[in-house]
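> Kindly return the folded structure for what I paste below:
(chains A and B)
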Amino acid sequence: MSLFVEDPAYLSKSRLKSDLVAHNVALPPTKSKKEVYVDLHLKHIAHNNAAEFSSDEEDQEEDVADKEEDAEIPDPSCLTDDDLKAALLEHGVKAGPIVASTRALYENKLRRLLQSEGHGCLNGVEKGVLYSDSEEENGEKEDEESGSERAKEETVEQSDQAQQRSSQVESRRSLTTSTDSERELNGSNVQEHWSRSTRLDKPIVDKYTINNQSLYYTPKESPCIRDMKLSQEPVEDMLQEMFPNTEATPTGICATRRRPIKGAAGRPFQYAYPDTPASPTTLERREVERRLVPFQIQILVFVIVACLLYLIYVCVEDYSFSPFVALLDSLDQGSDSEEGPLLQAETQDTPALSGQE
Amino acid sequence: MSSTSQKHKHFVAEPMGEKCVTTLPGIGAAHGKRLEEKGFGKAYDVLGQFLVLKRDEKLCRDWLKDICGANVKQQGKAYACLKEWCDASL
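Model (predicted):
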């Protein structure tokens, strides 16, 4: 970008850096002062009067460069693209294409790796520093990035320690030394290559070594082992503790399904079992049916009401009593003794009714 | 698990085409302007950088921080969106 009014001195350090990268200018060491960047910017990009200051700053630049070179012998900014890529690969980082826009990032990464090698112990507290929301200058940013890098290394070391601990536990159970050495080898491999892919390979490799030694196995099937990653070894130890009397099978495989964890993966807790193993829908239906009137009783009531209505209809509509009498006779035939007095009452009624009409 | 924003859903749902870089979640007007100044005016420019960095999360986040000063949340949003877009459409 061309600057019309602003001096390079007014630009931020990161902006200057990116401009230099865009113009394929080798960046000075990161810890150098902003003036160094400004100077380079001016030299290669803009032709301003600011170049007058360069004589003093050149000396500064050289001093700083000498200091940097003494501190870190392979200075990332002096390396070619290929050398930078090779250096990153030595540290186990598979770098992508090193282009103008990516070079700065990879240089920073290499610097952090070199620094982390120099520093012995790591501090996990620095990890928290990474997650501050405030925008920061370049210097602070690099400290945070180095902190995060160290934290990453620390987690790798922690995982190695866990592996070594588990290996110690296993040795107590009469492991052969070859397995131990293989484990340690794998542990050291992980230290070198801290990419996730190798971590995945490691448990599988361990599985094969265990096979040969006919040790106690995790009961998970092979597809699940890929998901286990590091948790494989603690699980194995637990099982050995839980089932110490299990004999080693010839193939080394002892497949028993582990009891599913209550409360995990959507499995609800059940503190008491229900009395009847009925599904919720049947229970609901029963509840509803209890409140409603039973079906048969409903039909019976309907029939009775229908009969009553029919009788009333007949009484009202039909003036000739022959069907009514016939009905009465049929009723009488149904129950003789009980309806004896009733019949008399009815016969008395019918003359009364006939008298009315 | 946090839910994705509308911006994220819109971006991931279709090919990005000639969309502006401000359509990326986490990239607002200010960051978008800075990105544009650096030559990353379109979403596919940022995608290009993302792919050149082998879609490595750390590198992409660092790059976003360097180039436009995005904070951790914004970096995360942009990275997640591009990652999902790649998983879906690449």
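
> Let me see the contact set for the nearest residue to residue B:86 once chain neighbours are set aside.
Using CB to CB, 6 or more residues apart in numbering or on different chains and skipping the chain neighbours, the partner closest in space to residue B:86 is residue B:55 (6.6 Å). Where C-beta positions appear, they are placed from N, C-alpha and C, glycine not excepted. Residues near residue B:55 by CB atoms under 8 Å, 6 or more residues apart in numbering or on different chains: B:82-83, B:86.

> Let's have those in a markdown table, adding secondary structure, distance to residue B:19 and pLDDT.
Output for these, formatted as a markdown table (DSSP: H, G, I helix; E, B strand; the rest coil; distance: CB to CB, whole Å; pLDDT from 0 to 100):
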| residue | secondary structure | distance to residue B:19 | pLDDT |
| --- | --- | --- | --- |
| B:82 | helix | 12 | 94 |
| B:83 | helix | 17 | 94 |
| B:86 | helix | 15 | 93 |
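
> neighbour-wise, which of those residues leads?
Tallying neighbours with other CB atoms under 10 Å in any protein chain shown puts residue B:82 at the head of the contacts of residue B:55, with 25 neighbours.

> right, and it touches residue B:24 too?
Yes - the pair residue B:82 / residue B:24 is scored as a contact, 7.3 Å apart, by CB atoms under 8 Å.

> Let's verify the residue nearest to residue B:86: helix, strand, or coil?
Secondary structure state of residue B:55, per DSSP: H, G, I helix; E, B strand; the rest coil, is coil.

> Next up, phi/psi of it, please.
Taking degrees, to the nearest 10, you get phi 60, psi 30 for the backbone angles of residue B:55.

> how deep is whatever residue of chain B ends up closest to chain A tucked in, by neighbour count?
For chain B and chain A, the shortest gap (CB to the nearest CB) falls at residue B:54, measuring 4.0 Å. When neighbours are defined as other CB under 10 Å, residue B:54 has 13 of them.

> swap in residue A:288?
9.

> before we move on, back to that, residues contacting the residue of chain B closest to chain A?
Contacts of residue B:54 by CB under 8 Å, 6+ apart are A:94-96.

> Now pLDDT and distance to chain B too, for the residues you listed, in a markdown table please.
Converted to a markdown table, the contacts of residue B:54 look like this (pLDDT from 0 to 100; distance: CB to the nearest CB, whole Å):
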| residue | pLDDT | distance to chain B |
| --- | --- | --- |
| A:94 | 85 | 7 |
| A:95 | 84 | 8 |
| A:96 | 82 | 4 |
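
> most neighbours, which of those residues?
residue A:95 (22 neighbours).

> What strand or helix carries the residue most central in space within chain B?
Nearest to the mean C-alpha position of chain B, counting by CA atoms, centre = their mean, stands residue B:78 at 3.8 Å. Here residue B:78, judged by DSSP states H and E, is contained in helix B:72-89.

> Dump that helix to PDB, restricted to CA.
Below are the C-alpha coordinates for helix B:72-89, written out as PDB (Å, rounded to 0.1, in the frame of the first residue of the first chain):
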ATOM      1  CA  VAL B  72      -9.700 -14.700  20.900                       C
ATOM      2  CA  LYS B  73     -13.400 -14.900  20.600                       C
ATOM      3  CA  GLN B  74     -13.500 -13.400  17.100                       C
ATOM      4  CA  GLN B  75     -10.600 -15.600  16.000                       C
ATOM      5  CA  GLY B  76     -12.500 -18.600  17.200                       C
ATOM      6  CA  LYS B  77     -15.700 -17.600  15.400                       C
ATOM      7  CA  ALA B  78     -14.000 -17.000  12.100                       C
ATOM      8  CA  TYR B  79     -11.900 -20.100  12.300                       C
ATOM      9  CA  ALA B  80     -14.900 -22.300  13.200                       C
ATOM     10  CA  CYS B  81     -16.900 -20.900  10.400                       C
ATOM     11  CA  LEU B  82     -14.200 -21.400   7.800                       C
ATOM     12  CA  LYS B  83     -13.500 -24.900   9.100                       C
ATOM     13  CA  GLU B  84     -17.200 -25.800   8.800                       C
ATOM     14  CA  TRP B  85     -17.400 -24.300   5.400                       C
ATOM     15  CA  CYS B  86     -14.500 -26.400   4.300                       C
ATOM     16  CA  ASP B  87     -15.900 -29.500   5.800                       C
ATOM     17  CA  ALA B  88     -19.100 -29.000   4.000                       C
ATOM     18  CA  SER B  89     -18.100 -27.600   0.700                       C
END
